[in-house]
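1. Show me how the following folds:
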Amino acid sequence: MTIHKKGQAHWEGDIKGGKGTISTESGALKQQPYGFNTRFEGAAGTNPEELIGAAHAGCFSMALSLMLGEEGYTPESIDTTADVSLDKVDGGFAITKIALTSTVKVPNIEEETFDKIINKAKAGCPVSQLLKAEITLDYTLN
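-> I've put the predicted structure just below:
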């Protein structure tokens with residue numbers, strides 16, 4: 001079974017003065033503005049890196065919940081941030097690193113068991129598998 005989800009981008013103009021919108025099939029994002037100024041200059045709107053970060057944080061949190069459940073644990077909460085690094089390399093730009101930071105509350109779990117499960121989730125998350133950037137993980141078990 002293959003699941004298809006769609007995102008769409010519209011762009012007008014040159015790289016610095018141009019502007020565009022990003023939308024999702026679900027409507028969660030509808031013509032959200034983006035451009036050089038939102039990506040590199042801090043202007044209001046979105047950018048590809050924060051969207052990748054949100055997708056990675058969401059995917060990782062779901063993978064962790066699944067893997068905890070497979071071992072008989074139900075998390076009370078999982079809060080994850082993905083810090084996406086965009087660096088200038090070889091005359092262009094590349095996403096070089098994603099630092100996941102997760103705070104997780106799971107009742108009655110041993111720290112060693114949790115360590116194994118959360119690292120398995122980091123490796124097994126479909127978005128982690130897609131990205132070739134270095135992915136690090138810092139976590140807190142509450």
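
2. Any idea how far apart the tips of stretch 86-95 sit?
-> 4 Å (CA to CA, to the nearest Å).

3. again with stretch 19-36
-> 7 Å.

4. What secondary structure category should be reported for the residue nearest the centre of the chain?
-> The C-alpha lying nearest the average C-alpha coordinate of the chain belongs to residue 56 (CA atoms, centre = their mean; 2.1 Å). Secondary structure, DSSP: H, G, I helix; E, B strand; the rest coil: residue 56 is helix.

5. quick one: contacts for it?
-> Going by CB atoms under 8 Å, 6 or more residues apart in numbering, residue 56 touches 82, 84, 98, 100, 125, 127-128, 131. In short, each C-beta sits where N, CA and C put it, glycine included.

6. Would you map the helices across the chain?
-> With helices called from DSSP state H, the chain shows them at 36-40, 48-70, 111-124, 126-130.

7. quick revisit: run through the bridge partners of the closest residue to the residue nearest to the centre of the chain other than its chain neighbours.
-> Spatial nearest neighbour of residue 56, chain neighbours left out: residue 82 (4.2 Å); criterion: CB to CB, 6 or more residues apart in numbering. Per DSSP bridges, the residues bridged to residue 82 are residue 100.
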